[in-house]
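Asks: 3D, please:
(4 chains)
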Amino acid sequence: MSVHVNISDQAISTPELLKDFESRLTSSGGVVSFSGVVRPDGKDSRVLGLFLQSYSPMTENGIETAVGQALNRWPLEALAVHHRTGEIRTGETIVFVATASKHRRAAFEAADFLMDYLKTEAVFWKKEITEAGDFWIEPREQDYQDNQRWQQSETN
Amino acid sequence: MSVHVNISDQAISTPELLKDFESRLTSSGGVVSFSGVVRPDGKDSRVLGLFLQSYSPMTENGIETAVGQALNRWPLEALAVHHRTGEIRTGETIVFVATASKHRRAAFEAADFLMDYLKTEAVFWKKEITEAGDFWIEPREQDYQDNQRWQQSETN
Amino acid sequence: MTDILYFGRLSDVTGKPSENIELPSDVSHARDLRTWAEARFEAEGVFLEPTVRIAVNGEIVDDAHPLANPNEIAFMPPVGGG
Amino acid sequence: MTDILYFGRLSDVTGKPSENIELPSDVSHARDLRTWAEARFEAEGVFLEPTVRIAVNGEIVDDAHPLANPNEIAFMPPVGGG
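Replies: Numbers count the residues shown, from 1 in each chain, chains lettered A, B, ... in the order given. All right, here's what the predicted structure looks like:
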């Protein structure tokens, strides 16, 4: 079992992280990666970048709890979460998640689950830097609904 | 819209394909990749590799039809399918799928959908090369069930 | 002359993945190919399995399909994905 | 001395992400911090919002939590993921 969690203000190179992730695998049939890129289209005006704050070690602890839930729920061989903080320009990668399992469904679901956590509950504060000014962004209703899916399917 | 479909007997480098895929994106917030690796554990004995046959252009046509369904169903900016044929050793990558969308759910679902097609309906014949001999593998029931999910959710 | 392709486990039965032959004159429909291949390779019924499909020039056809000097005929066991 | 951290939009109100201060003697419980910060920054109620949580030494606490010379106190608006 290989688990990497990293939060840093350094740039994320998805291909390099995926290469590193794959190099640690020995028995997995399926590898899923997700990378989230800062989008240019904001609510009202063009987004130049984001500013992302974390609160260590609360941010790391929260992610590690979600990682633990994923490991309990799906048979994973390896899992990686890399999240960037600080100033991130449009087009740059803000988050990278990779999962590996013998079964592709487990790898897909675990990556999807972790992304839902990271986009809704993770301890980050986010400011959009746009042509019309800077705006702090708080949770969207859709994000809560996405995350809700996992609790529902646990009790059903 | 960028769509790449490639079937070849050349080795697949997931990080390189992902790098190439990401370089073509301009507006996507989420990128999902899946890579399938030949697993060492066969049904009865250790798997040394696979031999995979395709039938051109039927194999390509079938994949392109599935790609078209994915593009109709999810708002994707880009999509890539690379599938290897011929002799593939254990630990090597047999398939790579990447999807990109503004919305991470669309990217996850489209990649999952394409993998279900590729693992069940795609026009390939597969032989496991094991320590105990070579065996042609025909579809598993689980694969059909996985693929069935997409038809159900279309009619519901 | 016609290319006949034997995919998947069928090539184990035939001992070859393909061959280029002159179709016998009594092979006029797809179903005739099944009995012809059965006899040719003493195949113990594998060419008669309904899940083994026949494609003519890249199109899957049913057994009643007439054969008009096709370029390529494929015997296809169930496809199982990659 | 105590580090007080103002996360997210709160730093726009305070004009700084953090400060290191001596807690006033009448700030004995977490709820007192809210009124103290309100007055200090003329904050128009943002520190009183129930969705703004207080963490003491990295642990989220409720308003009744007593403060015993804490090293670090954080005001946390709702977290929104990355």
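
Asks: CA only for contacts and neighbour counts going forward, please
Replies: OK.

Asks: residue ranges of the strands in the chain, please?
Replies: Because you didn't say which chain, this covers chain A. A:2-8, A:30-37, A:47-54, A:76-84, A:86-89, A:93-101, A:124-130, A:133-137 (DSSP state E).

Asks: I was thinking of chain C, sorry if that wasn't clear
Replies: Listed in chain order (using DSSP E), the strands of chain C are C:2-6, C:18-21, C:53-56, C:59-61, C:72-76.

Asks: could these be laid out in a markdown table, adding distance to residue A:30 and mean pLDDT?
Replies: What follows is the strands of chain C, written out as a markdown table (distance: least, CA to CA, whole Å; pLDDT from 0 to 100):
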| stretch | distance to residue A:30 | mean pLDDT |
| --- | --- | --- |
| strand C:2-6 | 30 | 97 |
| strand C:18-21 | 33 | 96 |
| strand C:53-56 | 31 | 97 |
| strand C:59-61 | 32 | 95 |
| strand C:72-76 | 28 | 97 |
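
Asks: quick one: closest of those strands to chain A.
Replies: strand C:72-76 (26.6 Å; CA to the nearest CA).

Asks: any chance of the strands of chain C in a markdown table, plus mean neighbour count and distance to residue B:118?
Replies: Output for the strands of chain C, formatted as a markdown table (neighbours: other CA atoms under 10 Å in any protein chain shown; distance: least, CA to CA, whole Å):
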| stretch | mean neighbour count | distance to residue B:118 |
| --- | --- | --- |
| strand C:2-6 | 19 | 21 |
| strand C:18-21 | 12 | 25 |
| strand C:53-56 | 21 | 19 |
| strand C:59-61 | 14 | 19 |
| strand C:72-76 | 21 | 17 |
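
Asks: quick one: which of those strands is nearest chain B?
Replies: Comparing those by CA to the nearest CA, strand C:59-61 comes nearest, at 8.1 Å.

Asks: I'd like the strands of chain C as CSV, with distance to residue B:76 appended.
Replies: Shown next, in CSV, are those (distance: least, CA to CA, whole Å):
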stretch, distance to residue B:76
strand C:2-6, 37
strand C:18-21, 40
strand C:53-56, 33
strand C:59-61, 30
strand C:72-76, 33
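
Asks: with respect to residue B:15, which of those strands lies nearest?
Replies: The closest of these to residue B:15 is strand C:72-76. By CA to CA, the value is 34.2 Å.

Asks: ok, back up a step: residue B:14: which of the strands of chain A is closest?
Replies: Closest among these, once you apply CA to CA, is strand A:30-37, at 9.9 Å.

Asks: tell me the angle of that closest one relative to strand A:93-101?
Replies: 170 degrees (axes from the mean of the first three to the mean of the last three CA atoms, to 10 degrees).

Asks: how far does strand A:30-37 sit from its chain's centre?
Replies: 9 Å (CA atoms, centre = their mean, to the nearest Å).

Asks: is chain B within reach of it?
Replies: Yes - judged by CA under 8 Å from any CA of the partner chain, strand A:30-37 comes into contact with chain B through A:30, A:31, A:32, A:33, A:34, A:35, A:36, A:37.

Asks: name the nearest of those relative to chain D.
Replies: residue A:36 (9.3 Å).

Asks: the closest one against residue A:94, yeah?
Replies: Yes - look at residue A:36 against residue A:94 with CA atoms under 8 Å: they come within range, at 5.6 Å.

Asks: so for residue A:151, what's the pLDDT?
Replies: With respect to pLDDT, residue A:151 has a value of 70.

Asks: ok, how many other residues are close to it?
Replies: Residues lying near residue A:151 (other CA atoms under 10 Å in any protein chain shown) number 9.

Asks: any idea how far chain D is from it?
Replies: 18 Å (CA to the nearest CA, to the nearest Å).

Asks: can you report how many residues lie near the closest residue to residue C:13 other than its chain neighbours?
Replies: Nearest non-adjacent residue to residue C:13, counting by CA to CA, 6 or more residues apart in numbering or on different chains: residue C:43, 6.5 Å away. When neighbours are defined as other CA under 10 Å, residue C:43 has 15 of them.

Asks: which residues does residue A:95 contact?
Replies: Taking CA atoms under 8 Å, 6 or more residues apart in numbering or on different chains as the criterion, residue A:95 is in contact with A:12, A:34, A:35, A:36, A:37, A:81, A:82, A:83, A:84, D:82.

Asks: list the beta-bridge partners for the second one.
Replies: Applying DSSP bridges to residue A:34 gives these bridge partners: residue A:97, residue B:32.

Asks: return the residues of chain C in contact with chain B.
Replies: C:7, C:8, C:9, C:58, C:78, C:79, C:80, C:81, C:82.

Asks: switch the cut-off to 7 Å
Replies: With CA under 7 Å from any CA of the partner chain as the criterion, chain C meets chain B at residues C:8, C:9, C:58, C:78, C:79, C:80, C:81, C:82.

Asks: what pLDDT does residue A:66 get?
Replies: 98.

Asks: who's in contact with it?
Replies: Counting by CA atoms under 7 Å, 6 or more residues apart in numbering or on different chains, residue A:66 touches residue A:114.

Asks: what of residue A:18?
Replies: Neighbours of residue A:18 in contact, by CA under 7 Å, 6+ apart: residue B:15.

Asks: and if we set it to 10 Å?
Replies: A:31-34, A:80, A:96-99, B:14-16, B:18, B:33 (CA atoms under 10 Å, 6 or more residues apart in numbering or on different chains).

Asks: roughly how far apart are it and residue B:7?
Replies: According to CA to CA, to the nearest Å, residue A:18 and residue B:7 sit 22 Å apart.

Asks: ok, now residue A:54?
Replies: According to CA to CA, residue A:54 stands 43 Å off from residue B:7.

Asks: ok, these two, which is more surrounded?
Replies: Taking neighbours as other CA under 10 Å, residue A:54 and residue B:7 compare with residue A:54 leading, 24 against 16.

Asks: quick check: bridge partners of the more buried one?
Replies: residue A:124.
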